[in-house]
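S.K.: I would like to see how this sequence folds:
(one chain, ligands or ions: 1)
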Amino acid sequence: MIQFDSISAPTPDKDGLNAAYALLNRQLDRGDLGGALAAWDGERRSFETWSALVHLRFAQNTADAEAKSAREYADALAPEVADLETMFKRRLLADTDREGLMRAAGAHAVRLWETDVTAFDPAIKPDLEEESRLSARYSELLASASLSIGGQTVNLAGLAPFAEDPDRAIRHEAERVRWEFFSDHGTELDTIYHDLVQLRHGMARKLGFSTYTPLGYRRMRRVDYGPEDVARYREQVVTHVVPLVARLLEQRRTAHGWDKIRYWDEALIDPAGNPRPAGGHDFLVAQARKMFDGMHGELGAFFREMDGGGFLDLRNRPAKRGGGFCTSFPTVGMPFIFANFTGTHHDIGVFTHEMGHAFQNHMSKNLPNVDYLWPTMEAAEIHSMSLEFLTWPFMELLVGDAAADRFRRMHLTAALSFLPYGVCVDHFQHEVFANPDASPNERHAIWRRLEQHYMPWTDHGDLAWPAKGGRWQAKPHIYGSPFYYIDYTLAQCCALQFWSRARRDPKEALDAYVGLCGLGGSAPFQELVSAAGLISPFADGALADVAREAEAFLAG
Ligand SMILES: [Zn+2]
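M.R.: Residues are numbered from 1 along each chain as shown. Below is the predicted model of the structure:
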């Protein structure tokens, strides 16, 4: 069994990288395409393993000076590597016959490289470094939050249990404390984002695009759909999901006996209190082991490897970056799950969401190309969000017998309620990059307008910062990963299809899921979707059908 502590990768430097690429080019000079591709793949796996380790260590302790300087070194080196990689991709695309290259490297890899080379030029190297610096500053600022609530000091992640407390006054206090932090740092948050928008717009102009949007799509490596498809999907959400979520909220308002639904009420989904995990860290890890063993042999064996090898860091602690993610070390084919347990139902997501990413990555480790280890993000989120539904029959293990049905209802309600917010985050970014010179106040006004369109029920009450349009500033993707958010909403449409299939035939659904994980990133989004027997979210009716079935389930 591989141990996380035993993983290491040499720290690369510019000279070493230049020498390695010079060797690769000499292999191509000799006409050894296969050898060059194999050696290049090895170089990239080694670099990605090192980079993943450096970024993970910084996330584990953002206050560690050594980890921070290693991250800064990696961020400064990344544009140099992008430069070398892009030059090599350009040469491959220019020098070799396209058919032969596709046979040797894979057709989809070639399509990805064709996209990549249009999204980079040495002229933007300093911009990329600055972009990393600004994104890191945002992460540090949020990680620095030290908030007092209920006689405790917590970080932003630690607010979660208070934010869904059955006591309305405590929920209000949690949101008051959260948004006071954002208000106190509002000027800096506005400035960081303003600088990021200007920087990204400038990069797009240097690369010959009129705005950042087409560049943003290329950086997300989207090769089979564009902003028009996404805009049509957002309208599907408005037509089929927004009224449904409004009905569900109205039912909750009546069930709770509230005069109206305030912002701080939305997180309390179950009138009896949101179901919580039936135990803490050690309990959940042990129960998850039983769950995966019961689900599928490969999932069970893989979870044992993750746990036994130290590839899980799940406890919340000071200075640890917020949120959860899955990263991987391509030289060893093992992923790593990072999370912040809060004692709420969000902890379950580590085992049902992040494990989906991890399992896919593991199932794809023997694919012949490092580009295929992860699919593009909207496809990657199918693996994670579908596992959230496929684990439903085992929820008794994690939340206890009495709460399992309530947990499933809460999860489905949350999955539907997420869609309007998710497309709002996406639409906001399209408007931001269409108007790069907007002032911070104008951006807040854009958010407020879109929030009314997608979430007309929103009532921030006396929370001044979100009431003036600042809610988006709590969403790290908007700062660090532009245009990465519609992905969750597209994947949710696919995950709901897996939910529907599993209701009819759980084994068929699970086998199709495992098969999809094995395909990794070997094809673009819509091809992967159809290979798994799913309907593309862009197809008319795909979202309407699952929304109708979900509403019927919740009414039952
Ligand atoms: Zn995910």
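S.K.: can you give me the neighbour number for residue 75?
M.R.: The number of residues packed near residue 75 is 21, by other Cβ atoms under 10 Å. To be clear about C-beta, it is placed using only N, CA and C from the backbone, and glycine gets the same treatment.
S.K.: okay, and it sits in which element?
M.R.: Take DSSP states H and E as the rule and residue 75 turns out to sit in helix 65-95.
S.K.: list the buried residues for whatever helix or strand comes next after that helix?
M.R.: Later in the chain than helix 65-95, the nearest helix or strand by DSSP H and E is helix 98-105. Judged by neighbour count (16 or more other Cβ atoms under 10 Å), helix 98-105 contains these buried residues: 101, 104, 105.
S.K.: roughly how far does the second one sit from residue 33?
M.R.: According to Cβ to Cβ, to the nearest Å, residue 104 and residue 33 sit 6 Å apart.
S.K.: repeat for the first one
M.R.: When distances are taken as Cβ to Cβ, residue 101 and residue 33 turn out to be 7 Å apart.
S.K.: now do the last one
M.R.: As defined by Cβ to Cβ, residue 105 lies at a distance of 9 Å from residue 33.
S.K.: also residue 366?
M.R.: 21 Å.
S.K.: what ranges do the strands span in the stretch 51-200 of the chain?
M.R.: Assigned by DSSP state E, counting those that start in this stretch, the strands in the stretch 51-200 of the chain fall at 147-149, 152-154.
S.K.: which outside residues touch the first one?
M.R.: Translated: strand 147-149. When contacts are defined by Cβ atoms under 8 Å, 6 or more residues apart in numbering, strand 147-149 is touched by residues 153, 154, 155, 156, 158, 159, 162, 173, 174, 177, 178, 181.
S.K.: again, only this time at 10 Å
M.R.: 153-156, 158-159, 161-163, 170, 173-174, 176-178, 180-181 (Cβ atoms under 10 Å, 6 or more residues apart in numbering).
S.K.: cool, and the last one?
M.R.: By Cβ under 10 Å, 6+ apart, the residues outside strand 152-154 that reach it are 145-148, 158, 160-162, 174, 177, 316, 318, 342.
S.K.: what comes up buried for that strand?
M.R.: Those would be residue 154, for strand 152-154 by 16+ other Cβ under 10 Å.
S.K.: can you check the first one too?
M.R.: Buried residues in strand 147-149, defined by neighbour count with 16+ other Cβ under 10 Å: 147, 149.
S.K.: kindly list the longest strand within this structure.
M.R.: strand 334-341 (DSSP state E).
S.K.: for that one, name the packing helices and strands.
M.R.: With contacts defined as 3 or more Cβ pairs under 10 Å, 6 or more residues apart in numbering; DSSP states H and E, the packing partners of strand 334-341 are helix 33-60, helix 297-308, strand 312-315, strand 325-329, helix 355-363.
S.K.: out of those, the one nearest residue 92 is which?
M.R.: Closest of the helices and strands packed on strand 334-341 to residue 92 is helix 33-60, at 8.1 Å (criterion: Cβ to Cβ).
S.K.: helices and strands around that closest one, which ones?
M.R.: Counting contacts by 3+ Cβ pairs under 10 Å, 6+ apart, helix 33-60 packs against helix 14-29, helix 65-95, helix 98-105, helix 125-143, strand 312-315, strand 325-329, strand 334-341.
S.K.: helix or strand: which one has the residue nearest to residue 209 when sequence neighbours are not counted?
M.R.: Excluding the flanking residues, the one nearest residue 209 by Cβ to Cβ, 6 or more residues apart in numbering is residue 215, at 5.0 Å. Per DSSP H and E, residue 215 falls inside helix 212-219.
S.K.: that helix: what's the following helix or strand?
M.R.: By DSSP H and E, the next helix or strand past helix 212-219 is helix 227-240.
S.K.: now that following helix: how far from the chain's centre is it?
M.R.: 20 Å (Cα atoms, centre = their mean, to the nearest Å).
S.K.: pull the CA atoms of the helix or strand following it into CSV?
M.R.: Per DSSP H and E, the first helix or strand lying C-terminal to helix 227-240 is helix 242-256. What follows is helix 242-256, C-alpha atoms only, in CSV (Å, rounded to 0.1, in the frame of the first residue of the first chain):
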residue,chain,number,x,y,z
VAL,A,242,-36.7,28.3,-10.2
PRO,A,243,-40.5,27.9,-9.8
LEU,A,244,-40.0,24.4,-8.2
VAL,A,245,-37.5,25.7,-5.7
ALA,A,246,-39.9,28.6,-4.9
ARG,A,247,-42.6,26.0,-4.2
LEU,A,248,-40.3,24.0,-2.0
LEU,A,249,-39.4,27.1,0.0
GLU,A,250,-43.0,28.1,0.4
GLN,A,251,-43.7,24.6,1.8
ARG,A,252,-40.8,25.0,4.3
ARG,A,253,-42.1,28.4,5.3
THR,A,254,-45.5,26.9,6.2
ALA,A,255,-44.0,23.9,7.9
HIS,A,256,-41.8,26.1,10.1
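S.K.: any residues in contact with both of residue 101 and residue 33?
M.R.: Shared contacts of residue 101 and residue 33, defined by Cβ under 10 Å, 6+ apart, are found at 92, 95.
S.K.: neighbouring contacts of the strand or helix carrying residue 479?
M.R.: Element membership for residue 479 (DSSP H and E) is helix 476-480. Applying Cβ under 10 Å, 6+ apart, the external contacts of helix 476-480 come out as 131-132, 134-139, 141-142, 189, 192-193, 196, 321-323, 377, 425-426, 428-429, 432, 447, 472-473, 483-485, 487-488.
S.K.: is residue 341 in a bridge, and if so with what?
M.R.: residue 315 (DSSP bridges).
S.K.: give me phi/psi at residue 366?
M.R.: Backbone torsions for residue 366, taken as degrees, to the nearest 10, come to phi -100, psi 0.
S.K.: quick one: the closest residue to it other than its chain neighbours from residue 523, how far?
M.R.: Spatial nearest neighbour of residue 366, excluding adjacent residues (Cβ to Cβ, 6+ apart): residue 333 at 7.6 Å. Remark: distance between residue 333 and residue 523 (Cβ to Cβ) = 20 Å.
S.K.: repeat that for residue 284.
M.R.: Per Cβ to Cβ, residue 284 is found 34 Å from residue 523.
S.K.: now swap in residue 50 and tell me
M.R.: In this view, residue 50 and residue 523 are 28 Å apart by Cβ to Cβ.
S.K.: likewise residue 35?
M.R.: Distance, residue 35 to residue 523, using Cβ to Cβ: 26 Å.
S.K.: now do the helices in the stretch 451-556 of the chain.
M.R.: 464-467, 476-480, 486-504, 506-519, 525-531, 542-555 (DSSP state H, counting those that start in this stretch).
S.K.: now render the ones you listed as CSV, adding mean neighbour count and mean pLDDT.
M.R.: Below are the helices of the stretch 451-556 of the chain laid out as CSV (neighbours: other Cβ atoms under 10 Å; pLDDT from 0 to 100):
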stretch, mean neighbour count, mean pLDDT
helix 464-467, 19, 97
helix 476-480, 19, 96
helix 486-504, 23, 98
helix 506-519, 18, 96
helix 525-531, 20, 98
helix 542-555, 17, 96
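S.K.: dump the ones you listed to a markdown table, plus distance to residue 240.
M.R.: Output for those, formatted as a markdown table (distance: least, Cβ to Cβ, whole Å):
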| stretch | distance to residue 240 |
| --- | --- |
| helix 464-467 | 26 |
| helix 476-480 | 24 |
| helix 486-504 | 10 |
| helix 506-519 | 23 |
| helix 525-531 | 19 |
| helix 542-555 | 4 |
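S.K.: got the phi/psi numbers for residue 9?
M.R.: Dihedral pair for residue 9: phi -150, psi 140, per degrees, to the nearest 10.
S.K.: end to end on stretch 206-222, go ahead and measure it.
M.R.: End-to-end distance of stretch 206-222 (Cα to Cα, to the nearest Å): 20 Å.
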